[in-house]
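>>> Everything below, folded, please.
(one chain, ligands or ions: 3)
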Amino acid sequence: MKVDVLLGLQWGDEGKGKIVDVLTPEYSIVARFQGGPNAGHTLEFEGKKYVLRSVPSGIFQGNNINIIGNGVVLDPALFKVEIEALEASGHSLTKRLLISKKAHLILPTHRLLDACYEAQKGDAKIGTTGKGIGPTYTEKVGRGGLRIGDILCGFEEKYQAVKARHLKTLEQFKFDTSSLADIEKEWFDGLEKLKEFAFIDSEHYINKELVNKKVLAEGAQGTMLDIDFGSYPFVTSSNTITAGACIGLGLAPQKIGEVFGIFKAYCTRVGSGPFPTELFDEDGDNMRNIGFEFGSVTGRPRRCGWVDLVALRYAIMINGVTRLIMTKSDVLDTFKTIKACIAYKINGVEVTEFPFELAGSVEPVYVEMEGWQTDMSKMQKEDEFPAQFKKYLSFLEENLGVPITIVSLGPDREQTIIR
Ligand code: GDP
Ligand code: IMO
Ligand code: MG
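Ligands and ions are numbered 1, 2, ... in the order given. Below is the predicted model:
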């Protein structure tokens, strides 16, 4: 069998958690392959809402196995909070959640370094989630990181050595480390919780299970935040794209099956960095307020704008998307006019290919369509779609060259139409 991949095509928060949960009954295993607690994946069903950070979104349906793969970075303190909240709501995961020995640990000092580097950057800061993601991946590539497997032997000594190195750096920047003792206490408590779970060689596990089981790889962040192909340097520090699933789970490329690319009917971004279709008007405010566009991790208001088909076509190419999933079109239900960016004007020249960088004057070229002005949130079947919405779907499919096979019309599991 193959591994299907579901990932975000924009700047994150496309609704990945919700759709992974919807698709979960078709899969025996759901695995995260990159990112860490910078992710916030929201699921809603039976009147309850859950936000997952490091735990895959496949935990709520059936008895399937969920895996935190080698490409993920894990913070034991935040992991403990997440697991205890799930346990309090009746979801015990110790037998169903497996963790790769090769996943890297986010240390307390990584969190401080994240804050320190952001402070150094001043106005040019990335606007990170402050979870220590960048410093942890930097450490991994710099070959000094600590992995889950290290917890099992001689951990304290290795930990102290890395901590001492980090403290030297923090001292150079005169960064206040007075919170470290408290963070460390929570972190080591978290480590005890983490030890309740099985640490495995997940690359062997998944490749063996693939003989007769279906696996879904769940992306975090989005393609525009990818370290290589995103809006560098305003990106995260991992490969958020399909190739990231090969690296982050130990899969040969030919093991990849369907690639589900998910996008919002408009576009959002949190943190700094270019965003060609960003709106500063009433339409943008309406998207934010109707769509509750506030970060699920940091609570920051998300920047909002029209859908960007130049960026989407690029993301589809890089990921090899075979099926598209569109979320949150219900947020546009009251809009009289809907716009989609089909090209950029750069220095007066119209381009349809995603450029080297988005900095400077990138002016979006829009097509305008009549809005459907109909409440779609309770619709159950495609036949109920208003004519203008059908036209919008056909326009997108034609422009993007990939079928839209799922339309999400609200945050609840039930508000999903499979086409
Ligand atoms: P993720 O990081 O990609 O999993 O997305 P987030 O959970 O951070 O953000 C998506 C937000 O939109 C969450 O609050 C979801 O509950 C919500 N959501 C998901 N799909 C839809 C949809 O189709 N319509 C509406 N109105 N909300 C949605
Ligand atoms: P999910 O999985 C949206 C953004 C941050 C910042 C940049 C770098 O919920 O879609 P980092 O902490 O990773 O070093 O921050 O990336 N970012 C996200 N934005 N959704 C996410 O995850 C994000 N994870 C990181 O806001 O701009
Ligand atoms: Mg999110």
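>>> Can you give me the neighbour number for Ala39?
Neighbourhood size, Ala39 [other C-beta atoms under 10 Å]: 30. C-beta here means a position set from N, CA and C on the backbone, and glycine is covered the same way.
>>> Please tell me how far it sits from ligand 3.
As judged by C-beta to the ion, to the nearest Å, Ala39 and ligand 3 stand 6 Å apart.
>>> Apart from its neighbours in sequence, what residue is nearest that residue?
Ala220 (3.8 Å; C-beta to C-beta, 6 or more residues apart in numbering).
>>> For the stretch 101-250 of the chain, what lies in contact range of ligand 1?
Applying C-beta under 6 Å from any ligand atom, we find that the stretch 101-250 of the chain lies next to ligand 1 at no residue.
>>> Indicate the residue of the stretch 101-250 of the chain located nearest to ligand 1.
The nearest approach of the stretch 101-250 of the chain to ligand 1 comes at Ala220, 7.2 Å away (C-beta to the nearest ligand atom).
>>> For the residue of the chain positioned farthest from its centre, report the pLDDT, please.
Most distant from the centre of the chain: Gly348, at 34.1 Å, with distances by C-alpha atoms, centre = their mean. We have a pLDDT of 90 for Gly348.
>>> counting contacts, what elements does the helix ranked longest in the chain pack onto?
When every helix of the chain is counted residue by residue (DSSP state H), the longest turns out to be helix 155-172. With contacts taken as 3 or more C-beta pairs under 8 Å, 6 or more residues apart in numbering; DSSP states H and E, helix 155-172 sits against helix 108-121.
>>> Show me which residues of the helix it packs on are buried.
Across helix 108-121, burial judged by 16 or more other C-beta atoms under 10 Å covers Pro108, Thr109, His110, Arg111, Leu112, Leu113, Asp114, Ala115, Cys116, Tyr117, Glu118.
>>> In contact with the third one, which residues?
So that's His110. Residues near His110 by C-beta atoms under 8 Å, 6 or more residues apart in numbering: Gly132, Pro135, Thr136, Glu139, His166.
>>> For ligand 3, state which of the buried residues of helix 108-121 is nearest.
Asp114 (18.1 Å; C-beta to the ion).
>>> average pLDDT for the longest helix of the chain?
Average pLDDT, helix 155-172: 97.
>>> what pLDDT does the nearest residue to Ala115 once chain neighbours are set aside get?
What sits nearest to Ala115 in space, not counting adjacent residues and going by C-beta to C-beta, 6+ apart, is Gly130, at 6.1 Å. Looking at Gly130, its pLDDT reads 96.
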